[in-house]
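> Sequence first, then the predicted structure, then my questions.
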Amino acid sequence: MDEATTNEAQELEASSIRWRPKQMAFRTFVSKSEAADKAQALRVVVKRPLVTKLTKGLVETYQICNPQFKYSEELNPKRYLTTPSTGVLNDGYDNVNSDLILTVNYSLVNQETQRRYIVKDVLGHGTFGQVAKCWVPDTSCFVAVKIIKNQPAYYQQALVEVSILTTLNRKYDPEDKHHIVRIYDYFVHQRHLCICFELLDTNLYELIKINQFRGLSLSIVQMFSKQILHGLALLKDAGIIHCDLKPENILLCTSVKPAEVKIIDFGSACMEDRTVYSYIQSRYYRSPEVLLGYQYTTAIDMWSLGCIVAELFLGLPLFPGASEFDLLRRMIEILGGQPPDYVLKEAKNTSKFFKCIRSVHNIDNGEICSGGRNAYQALSVEEYEAREMKKPSIGKEYFHHMNLEAIVKNYPYRKNLPPEDVIKESRIRLALIDFLRGLVEFDPAKRWSPFQASKHPFVTGEPFTCPYKPPSETPRMPVAQNAKVDHHPGGGHWFAAGLSPNVSSQFFCSCHILVLEFVSPTNLPLTPSVPGRTRPHNSPHFQVFSYAHGNSYGSVGSHGSYNDGIGHGSSYGSYGDSNHMFAYYSPVAPSGMNMHPQASMSMLGTSPDARRRFMHYSHGNGLGISPSAGNFAALPLGTSPSQFTPPSSYSQVSAGSPGHYGPTSPARNSCHGSPLGKLAAATQFNRRKSLGYPGSCQVQEGSSLHWQGQINDGMSSSQGEGNPSVIGTSTSHQHSNFSSGSWMQQQGGDGSIHNISGSFKPCTSIQSGRSCDKFEASLSVPDPGDWDPNYSDELLLQEEDGSDVGSMSTEFSKSMHLSSGDPSVGLGRSNRVSNPGSNSSIQRQNGPMQGFPHAEIGSPTSAHDLHAGCGHVTSKPSHFIPHISQSSPSRLGQPPLNRFNHGRSSGREWNHIKVQHPPASFVSGEPHSPRKTSLNNGMPWGRRGNYPVTTILPAASRGRKDYGRIA
Ligand SMILES: Nc1ncnc2c1ncn2[C@@H]1O[C@H](COP(=O)(O)OP(=O)(O)OP(=O)(O)O)[C@@H](O)[C@H]1O
């Protein structure tokens, strides 16, 4: 017998020991009692069913069948998560949309820490790129990694998100009590900025969708309102405006009991005193002042909150405007008023929507024209058409000729609700109406602040007896004294973000944490790995050049859009006083806000240049702060490139393409001014049907190039720095490579060069095929096809055919008790409204509804006193819990790809994570049950059967056929 044969025999022998068919047909009879006795004496042997053996142990099975069989992971076909998956840019790493082509098990690597993020799924897409669910082997946990498109504008703007979130997390909410998503890490991988967040669950839009567009129970609406208010209170304290609050940007936390939500997507946020862009907010949630082009504050987020709260209750957007004209028209009709004259007098866009019918001379702030009559009157459709030379898009009416009160009061009650509960709920509805009135208030000055709103009986659960009189707003208690940073009109995103393109030249590949923050002893130490490093790396988009401090402002971040051909050398980025130094984080590194390697104290910037500049510009030039002020203001963090409002003289580039929409809400279609655009998000993922579309979507590609118009409101000593001619002389920028023209996208294949501006395409207006349909009923039957971005007849067919999924969904919805959904209604077309004539006849069809008074809301937020405020928070164990085995499909609709269980970490610390160390609970132990979702944990909406939220994908999610294909 030769050696091979011997081996084969041995292998065969071994395999036959491992597994062989059992002789089950005949065996000795054993009585039940005997069997029981025996069983007690025996060990428990867990048998794996045959199917499991054959599938989980597939390789083993193959080897039994064919001992020659060898398994090699490399030979596995790739499962693509990104579409299109053809690599055409960046040496084949990126697709035509500049998205990194992801496959299952693709590794994203933070070069500095060598931490690997193994991609398991895609959670969503947005304007800025893809969000992937990743496994971190180091810590044995899942995280969400936002992989930013490989284009400078996206890259820069993503830095704003990093900067703002890091500041919010560490400085304002170190104990994670304010319902703001946590950021853990950021790094550059294959020229893509990757931002690592805590993994969250479904967003509220998806939740509503899962609930078949029926409203959620009042108790849940109340609970979420309270939590979002906590977040907004924090933002207000920090002087930060979110600018894109909407259901898609509020995500459920995983496995938190009772349910919690968190606010995400700070990519559009800006500082309150640096409201640079006027085309902001997603359309349905856009405040009147933004729409009208009036100055805005954190109050715009309160308006959005009002819209969100109403939508949570109704299951439908309150103002689903198909265009800005339509939006305003709906506001006026539903709220029964209009923006105050003082706003209209000043706003830039008033003439687009209003005509002046009286003298406006006597209008002062807050005062209405004599006699209480408005000086302005909204244009009719015909007048608008005559003025604008085009018909305005008008969407379908869901709440035809109804005001807010009628809409809420007449919303169907749950079927079979006992009369006493109907009475109780009707009282709570009155409270809700009053609450909403305070939020969707036309006058921004009268709109309630988060603090005021949080004391409303609807939120507190106290009996509502009469219209609420809000307490006067308590004076703001900043955590730190604000720095006044000079604002420079030449500034772009970098400026706005307090980040410096200059410093990116000294980019350390893995983006040090640049924290100079000494607010709380609980703050994490500065990254230990940073000091002493001198090896510069290129930013993916900004070349290394020898740093010359020239006329630069500060060292800490700099302003100046990358698009700016001049390349401003000015920097901003930190603020603080002698006791506190607050700095935003610059992934582009050392000059951002780093520690002096040798110093025992933090310094502004680690770049030697930065430090020198600090000395040189002691009169306020150095750091973009005014020494004379003593105090330092928060940086202008800027907003999204998607929010440029182009000066009219600039070229108009529209974002978006016909038939392709942004990934999330219909409101997204407004493009909100992004030169990055919804264009970028316009992929085949984003099919949307019959949406009102504003059409014009005109945004300016070059707006970051030539952005202008911000008034210096900072310190006089800094104002000189605001002179573009000064900043334009930055020596460093002479070497820099920030202009759009000079930035080059690496191109696979032919090597041709695309600059960013070249990649924008004109936007075509979309006329909604259905948008002008009128419904007779005052509350028409909402058809998701009319406004659901992902709805299509194709999907409808799938829904109707897919009874299995439909029934699952129904069952899921039923078990969630999210609303009053009638299980019998089945999947899809729902929210049918019975005649709203009488209260008793108005039953929200379907399912059990949690009566507000009975809701076991628990006390998720009781400890979160809104005025616990910054720096006053009491310590509580952090509640980070690894993500469950679901992902959170966005409106793009994620296909039901593999969901992964995950375990907790092995106990290793996240020592190298720059931004935030996950709390202790994050790294503790055992595998996590996929069933322990935020929704099956005894929430008032009830039992969840065995369906975790995202295992039941919304209809649209199932419509993606080309997703996750096998190569
Ligand atoms: N931390 C997270 N955990 C789970 N899912 C997430 C997380 N962050 C984002 N997502 C998912 O990815 C989607 C897109 O994320 P995000 O809104 O941050 O991207 P964006 O590019 O800024 O989008 P937008 O187009 O709204 O600006 C979200 O709607 C959500 O479904």
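In hand now; what should we look at? Numbers count the residues shown, from 1 in each chain.

> What strand or helix carries the closest residue to the ligand within the stretch 301-450 of the chain?
Nearest residue of the stretch 301-450 of the chain to the ligand (CB to the nearest ligand atom) works out as residue 304 at 13.0 Å. Where you see a C-beta, it was placed from the backbone N, CA and C, and this is true even at glycine. Element membership for residue 304 (DSSP states H and E) is helix 299-314.

> One more: residue 197?
With the criterion set as DSSP H and E, the secondary-structure element containing residue 197 is strand 192-198.

> So is that strand next to the ligand?
Yes - counting by CB under 6 Å from any ligand atom, contacts between strand 192-198 and the ligand involve 197-198.

> could you say what helices and strands that strand packs with?
Identification of packing neighbours for strand 192-198 by 3 or more CB pairs under 8 Å, 6 or more residues apart in numbering; DSSP states H and E yields strand 141-148, helix 152-167, strand 183-189.

> Quick one: neighbours of the residue nearest to residue 319 when sequence neighbours are not counted, just the number.
Distances taken as CB to CB, 6 or more residues apart in numbering put residue 330 closest to residue 319, at 4.6 Å, once the chain neighbours are dropped. Burial measure for residue 330: 22 neighbouring residues, criterion other CB atoms under 10 Å.

> Quick check: can you name the pairing partners of the biggest strand by length in the chain and their directions?
The residue-count maximum for a strand in the chain (DSSP state E) belongs to strand 115-126. Using DSSP bridges, the strands paired with strand 115-126 in its sheet are strand 107-110 (antiparallel), strand 129-136 (antiparallel).

> Return the distance of the residue in the stretch 51-200 of the chain positioned nearest to the ligand relative to residue 458.
Residue nearest to the ligand within the stretch 51-200 of the chain (CB to the nearest ligand atom): residue 126, separated by 2.0 Å. Remark: distance between residue 126 and residue 458 (CB to CB, to the nearest Å) = 31 Å.

> next one: residue 311
Computed as CB to CB, the residue 311 to residue 458 distance reads 15 Å.

> re earlier: and the angle from the longest strand of the chain to strand 183-189?
Strand 115-126 runs at 100 degrees relative to strand 183-189, counting by axes from the mean of the first three to the mean of the last three CA atoms, to 10 degrees.

> List the buried residues in strand 115-126.
Buried residues in strand 115-126, counted by 16 or more other CB atoms under 10 Å: 115, 117-126.

> These into JSON lines, with extra columns for pLDDT and distance to residue 243?
Below are the buried residues of strand 115-126 laid out as JSON lines (pLDDT from 0 to 100; distance: CB to CB, whole Å):
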{"residue": "115", "pLDDT": "97", "distance to residue 243": "31"}
{"residue": "117", "pLDDT": "98", "distance to residue 243": "28"}
{"residue": "118", "pLDDT": "97", "distance to residue 243": "33"}
{"residue": "119", "pLDDT": "97", "distance to residue 243": "29"}
{"residue": "120", "pLDDT": "97", "distance to residue 243": "31"}
{"residue": "121", "pLDDT": "97", "distance to residue 243": "28"}
{"residue": "122", "pLDDT": "97", "distance to residue 243": "25"}
{"residue": "123", "pLDDT": "96", "distance to residue 243": "22"}
{"residue": "124", "pLDDT": "93", "distance to residue 243": "19"}
{"residue": "125", "pLDDT": "90", "distance to residue 243": "20"}
{"residue": "126", "pLDDT": "85", "distance to residue 243": "14"}
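
> Now stretch 108-122 - C-alpha only, PDB.
Extracted C-alpha coordinates of stretch 108-122, given in PDB (Å, rounded to 0.1, in the frame of the first residue of the first chain):
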ATOM      1  CA  LEU A 108     -11.500  48.900   5.800                       C
ATOM      2  CA  VAL A 109      -8.300  49.600   7.600                       C
ATOM      3  CA  ASN A 110      -7.200  52.400   9.800                       C
ATOM      4  CA  GLN A 111      -3.600  52.500   8.900                       C
ATOM      5  CA  GLU A 112      -2.400  54.100  12.000                       C
ATOM      6  CA  THR A 113      -4.100  51.800  14.500                       C
ATOM      7  CA  GLN A 114      -4.200  48.900  12.200                       C
ATOM      8  CA  ARG A 115      -7.800  48.400  13.300                       C
ATOM      9  CA  ARG A 116      -9.800  46.600  10.700                       C
ATOM     10  CA  TYR A 117     -13.400  47.100   9.900                       C
ATOM     11  CA  ILE A 118     -14.800  44.200   8.100                       C
ATOM     12  CA  VAL A 119     -17.700  45.100   5.900                       C
ATOM     13  CA  LYS A 120     -20.700  42.800   6.400                       C
ATOM     14  CA  ASP A 121     -23.600  44.800   4.900                       C
ATOM     15  CA  VAL A 122     -24.600  48.100   3.700                       C
END
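
> and residue 341, what pLDDT?
What the model reports as pLDDT for residue 341 is 93.

> nearest residue to residue 106 other than its sequence neighbours?
Of all residues not flanking residue 106 in the chain, residue 119 sits nearest, at 4.4 Å (CB to CB, 6+ apart).

> Cross-check the contact I'm expecting between residue 205 and residue 247.
Yes - with contact defined as CB atoms under 8 Å, residue 205 reaches residue 247; the gap is 3.9 Å.

> re earlier: the residue nearest to residue 106 and residue 128, how far apart?
From residue 119 across to residue 128, the span is 17 Å (CB to CB).

> do residue 437 as well
Look at residue 437 and residue 128: by CB to CB, they are 35 Å apart.

> Any stretches of the stretch 401-550 of the chain with poor pLDDT?
Across the stretch 401-550 of the chain, the ranges flagged by pLDDT under 70 are 474-550.

> Oops, could you answer that again for the chain instead?
Judged by pLDDT under 70, the chain has its weakly predicted residues at 1-28, 30, 32, 35-46, 360-372, 474-967.

> which residues in the stretch 351-500 of the chain form helices?
Here the stretch 351-500 of the chain has its helices, by DSSP state H, counting those that start in this stretch, at 381-388, 404-410, 419-439, 450-454, 457-460, 493-497.

> which of these is buried the deepest?
Comparing the helices of the stretch 351-500 of the chain by mean neighbour count (mean count of other CB atoms under 10 Å), helix 493-497 ranks first with a mean of 35.

> what about residue 54, which helix or strand?
Short version: residue 54 belongs to helix 50-55, going by DSSP H and E.

> From the contact counts, what lies against that helix?
In this structure, helix 50-55 packs against helix 58-65, with contacts taken as 3+ CB pairs under 8 Å, 6+ apart.

> For the helix it packs on, list every residue counted as buried.
Along helix 58-65, the positions that meet the burial threshold by neighbour count (16+ other CB under 10 Å) are 60-61, 63-64.

> Go through the buried residues of strand 115-126 and say which is closest to residue 139.
Nearest to residue 139 among the buried residues of strand 115-126: residue 115, at 8.4 Å, using CB to CB.

> Tell me, how many residues neighbour residue 92?
By other CB under 10 Å, the burial measure for residue 92, its neighbour count, is 14.
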